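In: Need the 3D shape of this:
(2 chains)
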There are 2 protein chains.
Amino acid sequence: MEANNLIEKIKSRKSIRNFIYKKIDNDTIGAILECGRWAPSGRNSQPWKVCIVSHPTVKRLIAEQSKYGGIIESAYLNFVVFLDLERGYDRTKDILAMGAFIQNMLLAVHAKGLGGVWIGEILKNKEKVSEIFKLSPEKFELMGVITVGLIDEALEKKEERERRALEEFIDWF
Amino acid sequence: MEANNLIEKIKSRKSIRNFIYKKIDNDTIGAILECGRWAPSGRNSQPWKVCIVSHPTVKRLIAEQSKYGGIIESAYLNFVVFLDLERGYDRTKDILAMGAFIQNMLLAVHAKGLGGVWIGEILKNKEKVSEIFKLSPEKFELMGVITVGLIDEALEKKEERERRALEEFIDWF
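Out: Just a heads-up that it's a prediction; the model follows:
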């Protein structure tokens, strides 16, 4: 059933950190971005900006700002996602919208049969990452790097993913 | 194609504000929550808490805290979503995870053929909403209310949704 297809995709998505280096075509990249584009945001402010990075030299500069630089460099593509602070209107709501935006892109990556991981650790160097792209840190705040590539199934561990049981975080009224 | 199914669902989801009052069964509610449950979060902290509200008296109390109270009351179901501050570790990353969590639930609502709207305006009264559920505002911070119901197609306007063009927010490197 159609509903179950989407729900299974949501449930089966997981972080992928091992990639085979192979070009991802522009149509695929466009489809992933298009999913981000349709994310909801408060007052429809759409406060996002994305730098799409495939050039090895630029990847190297980003990689230097994270302890997961090896993953960033080994993937064909990195989406460097910023909050456009001038488009935003309420910090909590803007960041929630950015989370929805990133999740839509991660789901699209998974739907396309590719793998990706959302790197948040790099936020410790967010100003330096803005500067790589000549973006003012006062105008564009780094929200995360989404690393995307062809999955290296041989290296990817088949480990169980863990989540809290539903009962642990819900209450009925 | 399977990928296009998910991508079409992501692109076709929209806010629904007119509902037919009809019971939503527990299996459907469980499937929506299950999609939230598999959202990614930094350090896998899973900092979410959800109060599931279908009782009219409780809905009324929530409705009183929002100018969109009419929507809240007319929907069969409301998911009142909180950030569990003690499980979180970094405010920006925690809120991003909450955005991914909410978006997964909204997509599941859409996949199930139901409609919903993410109400953020109620955050102006977030402490009062926490108190309705006897939750300490120091421990649980309201992130949004997701109102869910059967779509009233006759009342729902077929208006065009608007998003910025891709070219407006992307750069290639």
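In: ok, and what's touching stretch A:53-61?
Out: A:24, A:62, A:72-73, A:76-80, A:132, B:172-173 (CB atoms under 8 Å, 6 or more residues apart in numbering or on different chains). Using the backbone N, CA and C atoms, a C-beta is placed for each residue, glycine as well.
In: Run a quick neighbour tally on A:Val145.
Out: 28 (other CB atoms under 10 Å in any protein chain shown).
In: Just checking: what are the partner strands of the lengthiest strand in chain A?
Out: Longest strand in chain A, counting residues (DSSP state E): strand A:140-151. Strand pairing for strand A:140-151, using DSSP bridges, gives strand A:19-20 (antiparallel), strand A:77-84 (antiparallel), strand A:115-119 (antiparallel).
In: So what's the model's average confidence on that strand?
Out: Throughout strand A:140-151, pLDDT has a mean value of 97.
In: Tell me the helix or strand right after that strand.
Out: helix A:166-169 (DSSP states H and E).
In: still on that earlier bit, out of the contacts of stretch A:53-61, which one sits closest to B:Gly99?
Out: A:Phe79 (15.9 Å; CB to CB).
In: Test my guess that the closest one contacts A:Leu142.
Out: No. Taking contacts as CB atoms under 8 Å, A:Phe79 lies outside contact range of A:Leu142: 11.6 Å.
In: Which residue lies nearest the spatial centre of chain A?
Out: Of all residues in chain A, the one closest to the mean position by CA atoms, centre = their mean is A:Ile146, 3.4 Å from it.
In: nearest spatial neighbour of that one, skipping sequence neighbours?
Out: Once flanking residues are discounted, A:Ile146 sits nearest to A:Phe79: 4.2 Å by CB to CB, 6 or more residues apart in numbering or on different chains.
In: Equivalent analysis for A:Lys22, please.
Out: A:Leu150 (4.7 Å).
In: ok, back up a step: report the contact partners of the residue nearest to the centre of chain A.
Out: A:Ile146 neighbours (CB under 8 Å, 6+ apart): A:78-79, A:81, A:102, A:105-106, A:109, A:116-119.
In: The host helix or strand of A:Leu96 near chain B anywhere?
Out: Using DSSP H and E, A:Leu96 maps to helix A:91-111. Yes. Interface with chain B: helix A:91-111 contributes A:92-93, A:95-104, A:106-108, A:111 (CB under 8 Å from any CB of the partner chain).
In: The longest strand of chain A vs helix B:91-111, what angle?
Out: Orientation check (axes from the mean of the first three to the mean of the last three CA atoms, to 10 degrees): strand A:140-151 against helix B:91-111 gives 60 degrees.
In: roughly how far out does strand A:140-151 sit from the chain middle?
Out: Relative to its parent chain, strand A:140-151 has a centroid offset of 4 Å by CA atoms, centre = their mean, to the nearest Å.
In: re the thing from before, give me the buried subset of the contacts of A:Ile146.
Out: A:78-79, A:81, A:102, A:105-106, A:109, A:116-119 (16 or more other CB atoms under 10 Å in any protein chain shown).
In: Contacts only, for the residue nearest to A:Glu138 when sequence neighbours are not counted.
Out: Spatial nearest neighbour of A:Glu138, chain neighbours left out: A:Leu85 (7.1 Å); criterion: CB to CB, 6+ apart. Applying CB under 8 Å, 6+ apart, one finds that A:Leu85 lies in contact with A:47, A:94, A:138-141.
In: how close does A:Leu85 get to chain B?
Out: Look at A:Leu85 and chain B: by CB to the nearest CB, to the nearest Å, they are 13 Å apart.
In: Give me the pLDDT value at that residue.
Out: 98.
In: what's the neighbour count on A:Lys23?
Out: By other CB under 10 Å, neighbour count at A:Lys23 equals 10.
In: Just give the number of residues close to the residue nearest to it when sequence neighbours are not counted.
Out: Spatial nearest neighbour of A:Lys23, excluding adjacent residues (CB to CB, 6+ apart): A:Tyr76 at 6.3 Å. Per other CB under 10 Å, the neighbour tally for A:Tyr76 reads 19.
In: Tell me if I'm right that A:Ala39 and A:Asp94 touch.
Out: No. A:Ala39 lies out of contact with A:Asp94 (CB under 8 Å); the separation is 12.0 Å.
In: Point me to the residue of chain A nearest chain B.
Out: A:Gly99 (2.0 Å; CB to the nearest CB).
In: Run through who's touching the helix or strand of chain A with the lowest mean pLDDT.
Out: In chain A, no helix or strand scores lower on mean pLDDT, DSSP states H and E than helix A:2-12, which sits at a mean of 82. With CB under 8 Å, 6+ apart as the test, helix A:2-12 has contacts from A:107, A:110-111, B:2, B:5-6, B:9, B:31, B:34-35, B:38, B:104, B:107-108, B:111-113.
In: at 10 Å instead, please
Out: By CB atoms under 10 Å, 6 or more residues apart in numbering or on different chains, the surrounding residues in contact with helix A:2-12 are A:1, A:103, A:106-108, A:110-111, A:161, A:163, B:2-3, B:5-10, B:28, B:31-32, B:34-39, B:103-105, B:107-108, B:110-114.
In: Counting neighbours, which of those end up buried?
Out: A:103, A:106-108, A:110-111, A:163, B:3, B:6-7, B:9-10, B:28, B:31-32, B:34-39, B:103-105, B:107-108, B:110-112, B:114.
In: returning to what we had before: pull the contacting residues for the residue of chain A closest to chain B.
Out: A:39, A:118, A:143-144, B:39-41, B:92-103, B:143 are the contacts of A:Gly99 under CB under 10 Å, 6+ apart.
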